[in-house]
Every structure is written in C-alpha cells, then in structure tokens.
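> Fold the following.
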Amino acid sequence: MTSVPLDDAEKGAANFVVSAFNADGPSTPTLNGKCEAAVATAGEVIPAIVVRPKKSRASRWIRFRLWFNTYRKFFTLVMTINGVGVLLAYFEKWHYPLQYTGAFVLGNILVAVLMRNELFGRLLYLIVTTLFAKVRLPSLVTSLVPLRMYLSLTASRGIHSGCATSGFLWLVFRLVIIFTDHKDNHDAVLIMGVLTSLAVGISMVSAFPWVRNTHHKDIIELLDGLEWHALGCFVVFGDSYDLETHSWNPDGIRVLRQQDFWFCLCITIFIIIPWVTVREVEVDVEIPSSKVVILRFKRGMHQGLLARISRGSILEYHAFGIISEGTKSKEHYLICGVQGDFTRSLVDNPPTTIWTRELKFAGLSNTSTLYKRGIRVCTGTGLGAALSTCLQSPDWYLIWIGSDQEKTFGPTISKLIYKNLGPERCTLWDSKERGGRPDLMKLISEVYTSWGAEVVFITSNWGGNKEMMEGCKAAGIPAFGTLWDF
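Numbering: from 1, shown residues only. Purely as a prediction, here's the structure:
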C-alpha cells in the first residue's frame, strides 16, 4: 500500500491509499450503512483488493488533445487575429489602427473583463442553459450541441486571456508609435505610456498560476485595479493632447467623442458591478475535523454556483462551491478544506459574520441541465462543487471518493446525502474504510453504462483530474474536468 497525497483541498484534495478495484460489478460502498455495497454475485460482496495499480499512460494524441483544449484554441484564435492586425498596421497595410490604436487596446481589455465578469457570465450561462436544456433534436445534434455549448462557456477564459494579452500587444504597439513621433508628443504622455505598459505587464505576469497561487494575498488584489487605473490615465492624457497645436485641450467634448472613453466607461461599470453586491452576512461555522470547515449561510441557491468569501470587505476573496437543496431551501453550505492561512483562520478564529459577493458566479455544474443524464465525480472537498447538482436533479449520479468521509465532513453533509440520494444514485468510496481507492476508470465506465449517462463532470486536484480525463478520453466517454489555466 502506498499513500498518495493529493494537495489543494479547495479543488478536491484527498489522501488516498493506492489500490485496485477488481469487482465484477459496480460497487457502492457504505456511508454509515446508507449506500449499500453492490454484490457481484448473489449475496457476495467483493472488497477492494489493495495492490499497486499499473498505470498505462495515455497516447500522445490523447494527451495533446487534452492539452490543446478549447481554452487554448480560443486563446490561439484571438491572439492570431490580433497579431495579424498588428503586423498589417506595422507595415502600413491597414491604416485604421494607426489612428485609433487606443480603441484596439481598450476594446480587447473590455472583452477580457466581460469574460470574467460575474453578471455577464451568469447571463451567458442562463441563455445557453435555457435555449439548449435537454433540447429535443436528432441524436447527432443533441449530442454535439450541449458539448459545444459547454466547451464554449467554460473555455471563455481562453478569450479572456487572449484579449488581455492582445490588449497588451496593442498597447506596446501604441507606445512604439508614440516614441516614433516623440517630437510631436508631450513628455507626460511618453512617461504615462511607459508606466502603463509596465503596470499591465506586471498584472499579466501575476495572472500565471505559479505567481497567483504563491503571492495571492500580497499583490493580486492590488494589481487587479492597477491595470485599469493606469490605462484610464493613459487614455485621458493621450486624448487630451492635441498633436497639431502641441497643446493640452481641456475640452471634455473632445474626450467624449473618442471611442477610448466609452470603452473605459464600460470597463469601469463591469468592474464595479460585482463590488456593489458585497455584503457582510451572518455565518454558522461547523468544524467536524481538523481538515474541513463547513460554513452555513441563509437562503437556498440554484445548483452550479460558486461563492466568493473573505474576512475583510476588499482583499483576499476565495471561491468555494455552493451546496444547497434548492432555491426554496432555507440555507446553503460551503465546504472549506483547511490548508492555507485563510481556511486555517476559520478554525483558529471562527467568524460569526463574513464578507461575500451576493452575485454568485457560475461553474462547471451549472450546465448540467444541458444533459438528460450525467455523472458527477469528485474527490475530497471537491464535493462542495458537485453535491448540489445531484441534490437538485434526480438525473445525476454521484461518485465521491475520500478518506474517512463521515468523520472528516461531519453530520451536516452526511445528512444531506442520506436525505436526498438513495443507494441507486450514489457511490461513496471511503478509502480509509475500504483500504484504498477504486480503479477509477473501471468504476466510471461501469456507472456510465448502467446509468445511461451522456457526460461525466469531474472535480478533483490536478493529478486526479488528469488521470480521469485521460482515461475517459481513451474510453470515448465525454468528460469535463477542472479547467487549469496556462
């Protein structure tokens, strides 16, 4: 037996003891006797056999297809279009960007902001899930439409990254133009251009996962606003300076007539909207174990949403999946894995109130209504992002793998599962009780066939997500997991 630590509890961490699952049929292990173990033969329960599984690596083609996902396809498409535009403008084959470079800078930044805006994102999800939910079309179209719609929604971050990078590319191009004609431009415009480029460049670098995850509290929140303020000042300076008279024009009408101003206004509005919904709300804290904290809030929630919470009103917001029995429920819950300083502070100093954005954002499970039947696979605290879908829809099957589940996650979560999920709709694998974890792909494949599922949603850490996604791809099972940025 080999212990395999899977970190990052907020994305579904769990400590597993590696083993193989060799039952002849799908197994549903017990959680305090509620979900019964399936029998392979009459009256005989087949236990997990604790051996080291032989991991066969997926083919290069499958790994490439998973790597070059829709996120990267969107990123490549946006960057290609903008890159061609910059080259055409540089060689003076396209003159419009030479005169209105600022519009290309801020236009890209506006699209980037929209793609990560909670309100705009909820609107996109609402439109798609309303128009295509379980749509009755020919089988080929029915299978392709939800998958393509889902890919487009979840990979909108690729458009965000592509437009943000392209905006920086156009900004550098504008800076080159300004310095080329530096005799006609004021020194203040030149200086502001350099400072703006540095601010946007630093903000882009800070968005890389290895920087964002390491220095989250230190710089990320500050840089979110720095990029916009620098761009705004640069636009105002540039549009207020008359290149013909070489003088400042304080007339606001001149600025209002520029595309740049209206792009800036829209960016400002979409940045402010989520912050308008910030509230300090009451919270009940349950600490069932040293590994997990359960937060209870008032009012029910729709499935597939995530909440941002913080100990303060401005800095250090963390996202967690929302668990709720439905919009008519009196309460909803967050499962917080105790790992970082923030979640550890919930144990050391349990709050009675906490700050949150009332405007929740949509996640992976929000598109579950696009499918007639599906499977929700999660590990550890990834249950927080997965459970609501199964609680609110009888067409979804839950596979949850974790260590010492009932003791670790406490009576509140156990009660929700006991109350809403029968043994025919869940496989709860306690790796500590069963002496190891199952053969994931064998379990998923068997449930996929017996449940008549159309899709598998996966919430796990990077290693677990990669393993299951490669396995499902090789088996021809439509599956979607956690989207890991570049």
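> Model confidence for residue 41, exactly?
On pLDDT, residue 41 comes in at 30.
> cool, and residue 233?
On pLDDT, residue 233 comes in at 68.
> Check the one 10 residues further on too.
Confidence per residue is given as pLDDT, and for residue 243 that number is 61.
> and if you look at the one 3 residues further on?
You'll see residue 246 listed with a pLDDT of 61.
> in the stretch 51-200 of the chain, what spans have low per-residue confidence?
Along the stretch 51-200 of the chain, segments meeting pLDDT under 70 span 51-56, 133-155, 184, 186.
> Leaving aside the residues adjacent along the chain, what's closest to residue 114?
Nearest in space to residue 114, with sequence neighbours left out and distances taken as C-beta to C-beta, 6 or more residues apart in numbering, is residue 120 at 4.8 Å. For the C-beta atoms, the positions are set from N, CA and C on the backbone; glycine is no exception.
> do the same with residue 429
residue 401 (4.5 Å).
> so the one you found, which of the three states?
Assigned by DSSP: H, G, I helix; E, B strand; the rest coil, the conformation of residue 401 is strand.
> Now do the one helix or strand the residue nearest to residue 114 maps to: distance to the chain's middle.
Here residue 120, judged by DSSP states H and E, is contained in helix 118-132. Relative to the centre of its chain, helix 118-132 is centred 15 Å away, using C-alpha atoms, centre = their mean, to the nearest Å.
> buried stuff in that helix?
118, 120-122, 124-125, 128-129, 132 (16 or more other C-beta atoms under 10 Å).
> Which one of these is nearest to residue 287?
Residue 287 lies nearest to residue 118 out of these, by C-beta to C-beta, at 29.1 Å.
> the strands in the stretch 151-300 of the chain, which residues?
Secondary structure of the stretch 151-300 of the chain (DSSP state E, counting those that start in this stretch): strands at 241-242, 247-248, 278-282, 284-289, 292-298.
> residues making contact with stretch 387-398?
301-305, 321-326, 365, 368-369, 371-376, 378, 386, 413, 416-417, 420-421, 425-428, 447, 451, 453, 457 (C-beta atoms under 8 Å, 6 or more residues apart in numbering).
> if we can go back for a sec, does the residue nearest to residue 429 touch residue 437 like I think?
Yes - under the contact definition of C-beta atoms under 8 Å, residue 401 touches residue 437, with a separation of 5.8 Å.
> in which helix or strand would I find residue 75?
Residue 75 is part of helix 70-90, with elements assigned from DSSP H and E.
> sorry, back to before: remind me what the helix holding residue 120 packs against, helices and strands.
Secondary-structure packing of helix 118-132 (3 or more C-beta pairs under 8 Å, 6 or more residues apart in numbering; DSSP states H and E): helix 139-154, helix 259-276, strand 361-362.
> List the neighbouring strands of the following helix or strand past the shortest one plus their orientation.
If you walk from strand 361-362 toward the C-terminus, the next helix or strand you reach (DSSP H and E) is strand 374-379. In the sheet, strand 374-379 lines up against strand 396-402 (parallel), strand 455-459 (parallel) (DSSP bridges).
> Now strand 374-379 - C-alpha only, PDB.
Written as PDB, here are the backbone C-alpha positions of strand 374-379 (Å, rounded to 0.1, in the frame of the first residue of the first chain):
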ATOM      1  CA  GLY A 374     -24.900  12.600 -16.100                       C
ATOM      2  CA  ILE A 375     -22.300  11.500 -13.600                       C
ATOM      3  CA  ARG A 376     -20.700  13.900 -11.100                       C
ATOM      4  CA  VAL A 377     -17.300  12.600  -9.900                       C
ATOM      5  CA  CYS A 378     -15.400  14.300  -7.100                       C
ATOM      6  CA  THR A 379     -12.600  13.700  -4.600                       C
END
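> Now do that strand, average pLDDT.
Mean predicted lDDT for strand 374-379 stands at 94.
> which residues of the stretch 351-486 of the chain fall in helices?
With DSSP state H, counting those that start in this stretch as the criterion, the stretch 351-486 of the chain has helices at 383-392, 405-420, 431-434, 440-451, 462-475.
> I'd like to know which of the ones you listed has the weakest mean confidence.
helix 431-434 (a mean of 86).
> Flag every buried residue along it.
Here helix 431-434 shows 431, 433-434 as buried, counting by 16+ other C-beta under 10 Å.
> next one: stretch 455-462
For stretch 455-462, by 16+ other C-beta under 10 Å, it's 455-462.
> With stretch 311-330 instead?
Under the neighbour-count criterion of 16+ other C-beta under 10 Å, stretch 311-330 has 311, 316-318, 320-325 buried.
> In this model residue 318 seems to touch residue 307, though I could be wrong.
No - when contacts are counted by C-beta under 8 Å, residue 307 is not listed as touching residue 318 (9.2 Å).
> Touching, residue 302 and residue 328? I think so.
No - the pair residue 302 and residue 328 does not pass the contact test of C-beta under 8 Å, sitting 10.7 Å apart.
> for the chain, what's the longest helix?
helix 156-180 (DSSP state H).
> now for it, which elements pack on it?
By 3+ C-beta pairs under 8 Å, 6+ apart, helix 156-180 packs against helix 70-90, helix 96-99, helix 101-115, helix 187-206.
> helices and strands around the helix holding residue 75, which ones?
Partner elements for helix 70-90 (3+ C-beta pairs under 8 Å, 6+ apart): helix 96-99, helix 101-115, helix 139-154, helix 156-180.
> From the chain's centroid, how far away is the second one?
Helix 101-115 sits 22 Å away from the centroid of its parent chain (C-alpha atoms, centre = their mean).
> still on that earlier bit, so what's the residue nearest to residue 429 bridging to?
Per DSSP bridges, the residues bridged to residue 401 are residue 379, residue 429.
> Residue 416 and residue 324, how far apart?
9 Å (C-beta to C-beta, to the nearest Å).
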